[in-house]
Structures are given as structure tokens and as C-alpha cells.
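S.K.: Fold the following for me, if possible:
(2 chains)
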2 protein chains.
Amino acid sequence: MRVLAKDIAQACRERPNERVEVYGWVHRIRELGGITFVILRDRSGILQLVLSQEGDVAISSLTLESVLQVEGLPTLNEKAPGGVELQVEKLAYIAQAEPDLPYQVNADTGKIGLEAILDHRGLSLRNPKIRAVFKVQSTIIEAFSQYLREQDFTEIKTSKLVGGGTEGGAELFEVVYFDKKMYLAQSPQIYKQIMVSSGFERVFEVAPAYRAEKHDTPRHLNEYVSLDVEMAFIESEKDLIDLEKGLLSHVFTELKRKNAPELALWQAQLPDAEAVYRAPIIPYEEALKLVNREAISGDAKQRARIFDINPEAERLLCDWALREKGTDLVFVNEFPRRYRPFYTYPLDATRTMSFDALFRGLEITTGGRRQHDYKALLEVLPKFGLAEEAIAGYRVFRYGCPPHGGFAIGCERLTQKILGLSNVKEASLFPRDRRRITP
Amino acid sequence: MRVLAKDIAQACRERPNERVEVYGWVHRIRELGGITFVILRDRSGILQLVLSQEGDVAISSLTLESVLQVEGLPTLNEKAPGGVELQVEKLAYIAQAEPDLPYQVNADTGKIGLEAILDHRGLSLRNPKIRAVFKVQSTIIEAFSQYLREQDFTEIKTSKLVGGGTEGGAELFEVVYFDKKMYLAQSPQIYKQIMVSSGFERVFEVAPAYRAEKHDTPRHLNEYVSLDVEMAFIESEKDLIDLEKGLLSHVFTELKRKNAPELALWQAQLPDAEAVYRAPIIPYEEALKLVNREAISGDAKQRARIFDINPEAERLLCDWALREKGTDLVFVNEFPRRYRPFYTYPLDATRTMSFDALFRGLEITTGGRRQHDYKALLEVLPKFGLAEEAIAGYRVFRYGCPPHGGFAIGCERLTQKILGLSNVKEASLFPRDRRRITP
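M.R.: Numbering: from 1, shown residues only, chains lettered A, B, ... in the order given. Okay, here's the model as predicted:
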């Protein structure tokens, strides 16, 4: 009966002198005074093996990353990782690794370049610190879904093959769909709005989204996981900000509860619930003034006037919020009409009921209340250079659509900022960019 | 403060003579002896409104599907749906529906053709019975994920943009990816295998999958939601069948617990846990004999010899299992080599450690143990007309890959069979087929 590495110490304490069986990968091999120490790695952690005699497998022929089946007696040893080691009595290969390992799994990940990590994804993920990124991501998705279900949201799965972009943009990947042209959805925007008006009222979706943007920056992915939310019967974007605060607070709480070892590997600190609820909401115009004041008082090189909430402004706003309000999270709302899609609900002639969430210097969410009145949608179309045909999906709003709004959280960006990763690609299992199409 | 339709009766009992506020869509309007009865529909259910005098809204101008905000006094009335009705005191439009409704939301869904239902998806979903399909689907996804997380599986999200098909097939949708050609993934097959070998050991994914198949049948979708599972350290496909039994049993239990009203709308009965665990496992050759015996003893028109587990055979096997074993579920294992992909693990020279799950006459799962030895994979490639380059992703198996296997459940097919839908497209929010690309 297999025992996981993380459970060996307890097994040893509860049932001393009882042999255990473990399976895992050879993470490290070390010789010391005629004794071979092998660090074995399984999904739960690592375990030190002590090999003092030859078994079925010649110790001298052991290769890194081989998968072993081991039996032996666990003994407590303060100096061993996890406080326990295994005196090996039986050792057999489950799978023998070839010796020409092209990537050093057990190396300090900080010393390996991102390109090598991504080129050798199947091996780099074996490193516990890198694998931790995706254990954390798994919990983010779970906690996101769980929180929304508790608030009576329904999970939906909508088509990723669409006739055109709801944003009206050109940044779409074309799909050859039988004898037609289709596109990969940039977001489930129109679908989640239809679902709300269909009487679900509250929906969420976890699914891939696509942007055919050519830029290659540490904050962009051409394919990402979008955590989408949409709800009916709201007054303004402030209802959505309240929801996102509750949601993020739950995600952080669950991560602390379930992923303490993974967070520790990255020395990641998470905001407490109080800090999340304390996050300031700053109207766009005010945010812009604040950012320019911050830029002037800060580094002289930054004294160029900032005209938009660009990446530099996002950093300055978050620095300010951390310093002045003691929180990692800032909401900017009331974006000008020209910066928001046609379906955004107006606050007045120039401003909209929209918001961004900035977390640790990065925009992780865009959202807002939507225009639910079809006639009002038609009226703004010319300003956006769109024809009625482009919004055919919204025609159903003529038949009873309640006020509603929603937002989307970039899953990889949230993961990145939680762990302090320097590039968002580190938070994608198989990132796609302009050049990278494998593995 | 808004009260949901489903909570009105209780509110009335607990706090009689207290007014409530409700929001919802006008589902039905009926005049009787000078009194107007309106059935109001919200996300939770329906509620009868009694309108005896004009308010802000002229009763005579009320349109179906308008969204209303209503205040009034709830009174218990055995004859009203849910045993309660609301004496309306205030009535206001939240959104007024245009009168030319192109689809009858409150009609008997059984009398509306599938094409009309799908053409008017934004309206047809407003019907509680149709919306119920996706409430059930939401629970399927939740229960699937929950069960696997409890078994220490990690949720993964892998790229849907791939260089080629892992199945080696031609049924791929091409994507114009900047200056390159890519394809929409048919399944996360290679990625979930890499994840297992990367030390996650146990992974699952809920994501879209694509098949560019030209046929248009009640059992095919060109885009579907694949519930994928992969796990390491298995002996054979029987470990996977055990896992799937536990998984399906949990899904059915959760559906009964959470979705009784939705199941009732479709008069759906679900197998109990015992029936799931009793599901027979029939080797392919034996299944074929059984099917031919069944065909002969059955309808004379079916006496043509059956040479494969085709849709007709799937129906016959399930009929047999229900009659003889009292279960809706059948597993067929040990499929011949020629019917399975190159990566399937051999049982002997001709048979494989593979299986299908058949539920109520339909294949809902394909799975099996995989070949984890790279050299053995290379050896079978010529038989499948594949070159080594085609399986580049599997090269990482040279560096320690444990025995593993997995399966995929078609989410829409499972939904279809749970509710007894006649076409799998009814279980897809926005189904894609050769002709259908909107909404």
C-alpha cells in the first residue's frame, strides 16, 4: 500500500517499525561516506531515501528523474527534509529515465531563464516550486467557482467559435470552419449577457479567451483563462466591485488554507480580508491626477505627464494605495466613454459605469454595468463605427433585459501577482505567444 | 428588499401581512372576471401576481417577457403555483418588452422544433424547462470537479491551440495563428499525459474540444465540453473504470440533492449508487457476441450481423444491461488494437487496456491505460502511419513517466442522457454544427 511522502513522518510516529511503500521520481542523488542519499519526489512532496546496499537496481546506475517503487523502514531524523527518512530495503524501477536529461529539474528555478523553462515544460513542471504555481491556480479556479455558486450563480460553457468580435476589434484569430470563416472568442461577453437576460440572472464561466495581439510583454498572453462573471439587477459598477471584493477575499482565504506550502515556496504573502475590503475606489479623472502627483514626487525620470491609466499609472496607483491605505488592491471607476466598449452603461455624457481592478501594480480585471436597452445601444453604435448587424446578438434585449453588469479576471495575471512571478507566461501551463506554439 | 419567487410562500407563512418586493419576467398573462393574473418568472421559479387595479403600468399594455418590479402582499392560495400569490400594490417596468415576440417562451417545449429552439436561444432558454438543462449541467461540472479534488486531483487548463492532432486524424479545425497554421485541440490528451508525468500524478480539465466532423447526427457536436481525467500509477483500465463509477455515482447523488426541481421538469430518474457500482464490464469480443445474440432475438429487421460496437450495438448492450442487470451503465473494455489510438497500452498482441462507458444507449466516455514507455510508443508508430515527429510531445516520457491512464466524459452527452433529451445539441448552450454558427 503506497504512502505519500507528506504522510511518512506521521506514519512513522503512529506505527514505528512498520514498513512503507513509496513511489516517486529521483529528484537528487548524493553520496556521503559510502551511503547514497536519494531525494524522492511525489505529488505531495519529497522524502529522503537512505540506500546502503544494492537491491534489484544497481545504485550506481540510478538516474535522475527515474520513477521508483521503494519499500523500507521510515525513521525520524531531524536533519532530513520533513524530519523523516526511509531506510530502503527494496528498490525497483517503475520507469528508468535516460541519463541525458536536457533540463536540470532540481536546479534553483530563479537561475533558469524563462525560455528554457517554457521550452522544457514537461520537465520544468517537475520542479516543486514551478508545479506550485499551478497548484495555486487550481485553487484560484476552485475558490472562484465555489464563491459564486454560493451566491446562486450558474456555471455556463459558451462557444469559443464566433462570427466576429464583440469588442469590434481586429485582434481576432481566424478559424477555417468548414466552408466558413469564424473567429476565436475574445471573451464570452455577448453570451454571458444573453444568459443573464435568459433568466439565469447570475452566471460565471471559466474558459479560454483569445487575443491576436502582436506585442510580447510580461503582461500579455495570446490565449488565457478568463474568469468571467455577469449578474442582473445591479444599480452600478459599485455592486460589481463589492462582489469582486468578496470573491478575491474568498480566493485569498482558500489559498492560505489549502496552499500554505506552495505559497511558502514563493515567499508569497496574501492580503487579509480586511485589506481587500479597504481597497479604495478612485474615479478615473481623480486617479489620473493622483498618478501625476505621484510621478512628480517620485523618480525624476517619470516626470513626463501621464495621460491614461497605462501600465506605469497602474504601478503608481498601487504603490500609493499600499503606502497610504495599506492595501494591495485599487479600483478605478468611471472611465471615459472613449476608453470603453460600446456596450458600457453611461454615468453621464462623458463617463461610464465601468471599472478596472489593479492588484500589485497590474490590471487584473475589467468590468462594468452594461447597456441593457437595445435602442440606447443602437444610438451609440455610430460613435464606435459599428453597424447594427455587428450587434445582432443583442437584439434579444428588445424582449425584456434587466439592468446588469459583470467583469472578467485574468486567471494567469491573478496567479502571477499572488506569487510575485515576473512574467505572466510563468502562470500559463502551455503559453502561446507570437513565436511559441509548442509544446 | 427583493425576495425570490421560491421564497415567497415561506416569507408569507413566517411574516404574514408583510409586503414583499419581487423582480422578474412576465411569463404568462390571463384575464379572469375582470382580474388579471400574471405569472412572473425569476431565476428561482414562478409566482402568480394578482392585478386588480391600474398602477404605474397600464395592465392592458403589459407585454410578455417584460421585466417588472412588483410590490405587494403575498397570500397563501392552494390553487396558485407554489401555493402562494401576490396581491400587487405597486407595479413598474424594469424593462418593457416589445410586443412582437418572435418565439413563444411559455409554450410546451415538446411542441417546438429543435431548430426554432436553437435559432432563438436567447428566448428559448427563458423557458424554465429548457433552462433546467443547464442548471443540471452546471451541477455535473461542479460534482465532477469536486469529486476529483477530493481524490487529490489538480485542475489544469491547457492550450487549445496545437500544432497537430494527437489522434493523428484529419478532423481538425485550422486556425490562422499570426503567420503560422495551428489547429483547435481535439482533446487535451498529450497535455494531460505530460502533466501526470510532471508529478501532478492526478489531473483533470474541463474545457472545450473540437472535432471537424462533417456528420450531423443527434449524438455529435463540432465543439463540446470535455470532462478529462488522467492519473498515474494504475495497473489497468479497471482502475479507471472504478474511478469513473465513483465519479458518476457522486454526480448522480449531487444532482438528486441539488436539482430535484430541474430533474422533475424532465421526469428524469437517476440510477442509485448501487446500480452504478453494479455496472457490468464486458470485454469487446464478448460484447460483440452478446450484441449479435440480442439483435437476433430482437426485431427481425436488426438481424444483420453487427461487426463493431456501433451506435446500434451501444443501444443493444444498454437494453441488455437494464433488463438483465438492472443498471443504466455498461463498460466495454479490451478493445482491439486497430480501434484505438497509438498511445493505448496493449493487453496482448491484439487487445488493449481500453474501455468505453455506455449510458442509456450512448457512449459517454472513452478511456484507457496509455503507453508510458517512449520506445514502445516508437515501435507502434509505423502501424498507425505516424512519424516520430508527430509524437514530439511524448519525448519527455524518456525521462521517467509512470504507468498512467485516463478518460474523457462528454459533458453534453451525459447531460442529454440524464434528462432524456433526444438530441445532444439540446445540451449545448450555443451548439456549433456545419451550418450553425450563430447565435
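
S.K.: C-alpha from now on. contacts and neighbour counts both.
M.R.: Fine.

S.K.: All the helices of the stretch 51-200 of chain A, in order from the start?
M.R.: Remark: helices of the stretch 51-200 of chain A, listed N- to C-terminal, are A:114-119, A:121-124, A:128-150, A:189-195; assignment by DSSP state H, counting those that start in this stretch.

S.K.: pretty sure A:His27 is touching A:Asp42, no?
M.R.: No - if you go by C-alpha atoms under 8 Å, A:His27 and A:Asp42 don't touch, sitting 9.4 Å apart.

S.K.: Tell me how chain A divides into domains.
M.R.: Listed domain ranges for chain A are A:5-95, A:122-427 (source: automatic domain parsing).

S.K.: got a markdown table for those domains, with distance to B:Leu91 too?
M.R.: Rendered in a markdown table, the data for the domains of chain A read as follows (distance: least, C-alpha to C-alpha, whole Å):
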| stretch | distance to B:Leu91 |
| --- | --- |
| domain A:5-95 | 59 |
| domain A:122-427 | 15 |
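
S.K.: Which of those domains sits closest to B:Lys383?
M.R.: When the domains of chain A are ranked by proximity to B:Lys383, the top entry is domain A:5-95, at 24.5 Å, counting by C-alpha to C-alpha.

S.K.: Residues contacting stretch A:49-67, please?
M.R.: Counting by C-alpha atoms under 8 Å, 6 or more residues apart in numbering or on different chains, the neighbours of stretch A:49-67 from elsewhere in the structure are A:23-29, A:34-40, A:85-99, A:101, B:399-402.

S.K.: what about A:Glu78, distance to chain B?
M.R.: Remark: distance between A:Glu78 and chain B (C-alpha to the nearest C-alpha, to the nearest Å) = 26 Å.

S.K.: and that residue, what pLDDT?
M.R.: Predicted confidence (pLDDT) at A:Glu78: the value is 94.

S.K.: Quick check, it in contact with A:Val84.
M.R.: Yes - with contact defined as C-alpha under 8 Å, A:Glu78 reaches A:Val84; the gap is 6.9 Å.

S.K.: and the closest residue to chain B within the stretch 301-439 of chain A, backbone torsions?
M.R.: In the stretch 301-439 of chain A, the residue that lies nearest chain B is A:Tyr399 (4.1 Å; C-alpha to the nearest C-alpha). Taking degrees, to the nearest 10, you get phi -110, psi 50 for the backbone angles of A:Tyr399.

S.K.: count of neighbours near whichever residue of the stretch 1-150 of chain A sits closest to chain B?
M.R.: Per C-alpha to the nearest C-alpha, A:Ala97 is where the stretch 1-150 of chain A lies closest to chain B, at 4.1 Å. A:Ala97 is flanked by 22 other residues according to other C-alpha atoms under 10 Å in any protein chain shown.

S.K.: Poorly predicted segments of chain A, please.
M.R.: Low-confidence segments of chain A, defined by pLDDT under 70, are located at A:53-56, A:164-169, A:299-303.

S.K.: Now with 90, please.
M.R.: By pLDDT under 90, the low-scoring segments of chain A are A:1, A:32-34, A:52-60, A:163-171, A:215-216, A:295-305, A:385-386, A:389-390.

S.K.: A:Glu71 reaches A:Glu21, doesn't it?
M.R.: Yes - counting by C-alpha under 8 Å, a contact exists between A:Glu71 and A:Glu21, whose distance comes to 4.4 Å.

S.K.: What are the contacting residues of stretch A:276-291?
M.R.: By C-alpha under 8 Å, 6+ apart, the list of residues contacting stretch A:276-291 from outside reads A:245-246, A:248-249, A:306-309, A:313, A:316-317, A:321, A:325, A:327-336.

S.K.: PyMOL command to pick out the buried ones of those?
M.R.: For the buried members of the contacts of stretch A:276-291, the matching PyMOL selection, counting by 16 or more other C-alpha atoms under 10 Å in any protein chain shown, is:
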select buried, chain A and resi 245+246+248+249+306+309+313+316+317+321+325+327+328+329+330+331+332+333+334+335+336
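
S.K.: Inside strands: which ones of the contacts of stretch A:276-291?
M.R.: A:Leu329, A:Val330, A:Phe331, A:Val332, A:Asn333 (DSSP state E).

S.K.: can you put those in a markdown table and add distance to B:Val50?
M.R.: Shown next, in a markdown table, are the ones in strands among the contacts of stretch A:276-291 (distance: C-alpha to C-alpha, whole Å):
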| residue | distance to B:Val50 |
| --- | --- |
| A:Leu329 | 48 |
| A:Val330 | 47 |
| A:Phe331 | 44 |
| A:Val332 | 45 |
| A:Asn333 | 42 |
